[in-house]
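A.B. asks: sequence? don't have it. structure:
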Ligand SMILES: Cc1ncc(COP(=O)(O)O)c(C=O)c1O
């Protein structure tokens with residue numbers, strides 16, 4: 001049986017979530033905007049899902065905007081306020097970190113090019129966390145009357161580190177800036193509470209927490225200035241046009257309910273297996289380091305760097321052994337690209353090609369972890385030898 005250790009990339013749809021979704025494909029298939037009984041049924045399902053998501057996140061139902069996933073939620077969170085500020089001719093300052101997902105970092109760069117926004121990057125420590133004082137410094141001397149918008153990741157997809165978002169959001173608000181967090185990796189493992197985090201906006205993606213792909217949420221705080229990016233009908237209170245993906249929306253709520261109901265048991269299981277995996281790898285593989293924070297991290301997330309290795313080769317060898325894993329960097333065989341994130345954490349060039357992410361799921365077993373511990377040390381040794389030969 002293949003071993004799937006790439007749950008940070010995506011998770012399987014939970015069977016109970018699928019069951020909840022199924023009638024909305026072929027039975028209750030009405031358009032939620034239609035006035036007839038089919039439409040009213042779909043609309044009720046959407047609003048039930050919205051109420052449930054709002055309750056779980058402790059926000060108001062009208063602050064829940066259903067989207068097509070994390071990428072869209074991140075785009076809307078930056079573009080909505082920036083485009084609104086642009087219509088008023090106000091200067092736009094965006095503040096992010098160097099370890100953000102591309103859905104944030106590339107959107108921010110696009111807004112620099114298209115709207116003339118100014119981009120400030122706050123440094124991170126070796127674990128990928130922004131210090132409140134560094135954020136304070138980045139918020140110094142903001143242009144008068146402008147929009148300042150901070151976006152910092154809640155838990156990092158590549159290295160699993162969890163940031164103290166409540167402290168960072170408080171700093172942003174001291175300076176009159178809006179605060180968004182990409183909590184896409186957190187939704188399945190942390191009981192996110194919007195007021196406790198103190199954020200104005202928060203992104204989630206359903207397929208990261210055993211829900212459907214192509215569905216997600218942007219929590220958009222009441223009063224956040226926002227200009228929609230999609231013109232069309234008035235869905236989602238005019239903030240995101242387009243016929244509702246009713247099965248996806250119903251599945252989003254069902255998945256969030258499922259992960260919340262089982263969170264303690266799941267997290268205890270994940271943490272135990274992760275610790276076994278991490279200590280086994282660090283004991284058995286020379287010149288290996290855990291990346292990200294050792295304890296303040298996602299429960300099922302184990303990420304490493306191996307000196308003198310090209311992770312694409314490592315991933316191919318693992319795949320041949322039936323183990324599905326990933327690296328954070330977008331590299332191709334024969335054309336390796338160092339991970340920018342690992343570089344931002346202070347790793348030198350002999351490390352930045354060799355990232356490995358093993359992300360565990362609720363159904364990962366101890367036997368699967370033991371199989372990885374059996375085969376990984378030998379694979380690393382072989383790949384290191386091949387790498388040395390290719391350099392000679
Ligand atoms: C931190 C983070 N943000 C955003 C996304 C994008 O989410 P989606 O796949 O739903 O577009 C991902 C997915 O990998 C992610 O890990």
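C.D. replies: All right, it came through fine. Quantities reported herein were computed from a predicted structural model and do not represent experimental measurements.
A.B. asks: helix/strand/coil for residue 62?
C.D. replies: helix (DSSP: H, G, I helix; E, B strand; the rest coil).
A.B. asks: kindly report the same for the one 4 residues further on.
C.D. replies: Per three-state DSSP, the local secondary structure of residue 66 is strand.
A.B. asks: can you pull out the helices in the stretch 251-392 of the chain?
C.D. replies: 263-284, 311-320, 340-344, 366-391 (DSSP state H, counting those that start in this stretch).
A.B. asks: which among these is found nearest to the ligand?
C.D. replies: Set against the ligand and scored by C-beta to the nearest ligand atom, those come closest in helix 340-344, at 11.4 Å. (Each C-beta comes from the backbone N, C-alpha and C, glycine too.)
A.B. asks: would the closest one count as contacting the ligand?
C.D. replies: No. Shown here: helix 340-344 not in contact with the ligand (C-beta under 6 Å from any ligand atom), separated by at least 11.4 Å.
A.B. asks: and that helix, what other elements does it pack with?
C.D. replies: Applying 3 or more C-beta pairs under 8 Å, 6 or more residues apart in numbering; DSSP states H and E, we find helix 340-344 packed against no helix or strand.
A.B. asks: ok, which residues in the stretch 201-350 of the chain are in contact with the ligand?
C.D. replies: Counting by C-beta under 6 Å from any ligand atom, the residues of the stretch 201-350 of the chain close to the ligand are 205, 216.
A.B. asks: low pLDDT regions in the stretch 201-350 of the chain?
C.D. replies: Residue ranges of the stretch 201-350 of the chain with pLDDT under 70: 328-336.
A.B. asks: next one: phi and psi at the residue in the stretch 201-350 of the chain positioned nearest to the ligand?
C.D. replies: Residue nearest to the ligand within the stretch 201-350 of the chain (C-beta to the nearest ligand atom): residue 205, separated by 3.2 Å. The phi/psi pair for residue 205 (degrees, to the nearest 10) reads phi -130, psi 120.
A.B. asks: how close does it sit to residue 364?
C.D. replies: Distance, residue 205 to residue 364, using C-beta to C-beta, to the nearest Å: 20 Å.
A.B. asks: quick one: the helices of the stretch 251-392 of the chain as CSV, columns for mean neighbour count too.
C.D. replies: Listed next are the helices of the stretch 251-392 of the chain as CSV, based on neighbours: other C-beta atoms under 10 Å:
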stretch, mean neighbour count
helix 263-284, 16
helix 311-320, 19
helix 340-344, 20
helix 366-391, 16
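A.B. asks: quick one on the thing from earlier: who has more neighbours, residue 205 and residue 364?
C.D. replies: The neighbour comparison of residue 205 against residue 364 (other C-beta atoms under 10 Å) goes to residue 205, with 29 against 22.
A.B. asks: who's the more buried one bridged to?
C.D. replies: Beta bridges link residue 205 to residue 216 when assigned by DSSP bridges.
A.B. asks: now swap in residue 93 and tell me
C.D. replies: With DSSP bridges as the rule, residue 93 is bridged to residue 118, residue 148.
A.B. asks: pretty sure it contacts residue 149?
C.D. replies: Yes. Counting by C-beta atoms under 8 Å, residue 93 sits close enough to residue 149 to count as a contact (7.3 Å).
A.B. asks: hey, what's in contact with both of those two?
C.D. replies: Shared contacts of residue 93 and residue 149 (C-beta atoms under 8 Å, 6 or more residues apart in numbering): residue 177.
A.B. asks: in the stretch 151-300 of the chain, which spans are strands?
C.D. replies: Assigned by DSSP state E, counting those that start in this stretch, the stretch 151-300 of the chain shows strands spanning 178-182, 201-205, 216-220, 288-290.
A.B. asks: right, is the first one up against the ligand?
C.D. replies: Meaning strand 178-182. Yes. Strand 178-182 is in contact with the ligand by C-beta under 6 Å from any ligand atom, via residue 182.
A.B. asks: measure the closest residue to residue 111 other than its chain neighbours to the ligand for me?
C.D. replies: Leaving out its chain neighbours, the residue that sits closest to residue 111 by C-beta to C-beta, 6 or more residues apart in numbering is residue 117, at 4.4 Å. Per C-beta to the nearest ligand atom, to the nearest Å, residue 117 is found 20 Å from the ligand.
A.B. asks: residue 117: how many residues sit nearby?
C.D. replies: By the criterion of other C-beta under 10 Å, residue 117 has 22 neighbours.
A.B. asks: same thing with residue 41?
C.D. replies: Neighbours around residue 41, by other C-beta under 10 Å: 18.
A.B. asks: repeat that for the one 5 residues further on.
C.D. replies: Here the number of neighbours of residue 46 (other C-beta under 10 Å) works out to 21.
A.B. asks: buried residues, the helix or strand hosting it. List them.
C.D. replies: In this structure, residue 46 sits in helix 37-57 according to DSSP states H and E. Neighbour-count burial for helix 37-57 flags 41, 42, 43, 45, 46, 49, 50, 52, 53, 54, 56, 57 (criterion: 16 or more other C-beta atoms under 10 Å).
A.B. asks: counting by contacts, list what it packs against.
C.D. replies: strand 64-67, helix 246-261.
A.B. asks: give me that answer again for 10 Å
C.D. replies: helix 23-26, strand 64-67, helix 194-197, strand 201-205, strand 216-220, helix 235-238, helix 246-261 (3 or more C-beta pairs under 10 Å, 6 or more residues apart in numbering; DSSP states H and E).
A.B. asks: just those: most buried one?
C.D. replies: Mean neighbour count (mean count of other C-beta atoms under 10 Å) peaks for strand 201-205 among the helices and strands packed on helix 37-57, with a mean of 29.
A.B. asks: chain center to it, what's the gap?
C.D. replies: Offset of strand 201-205 from its chain centre (C-alpha atoms, centre = their mean, to the nearest Å): 8 Å.
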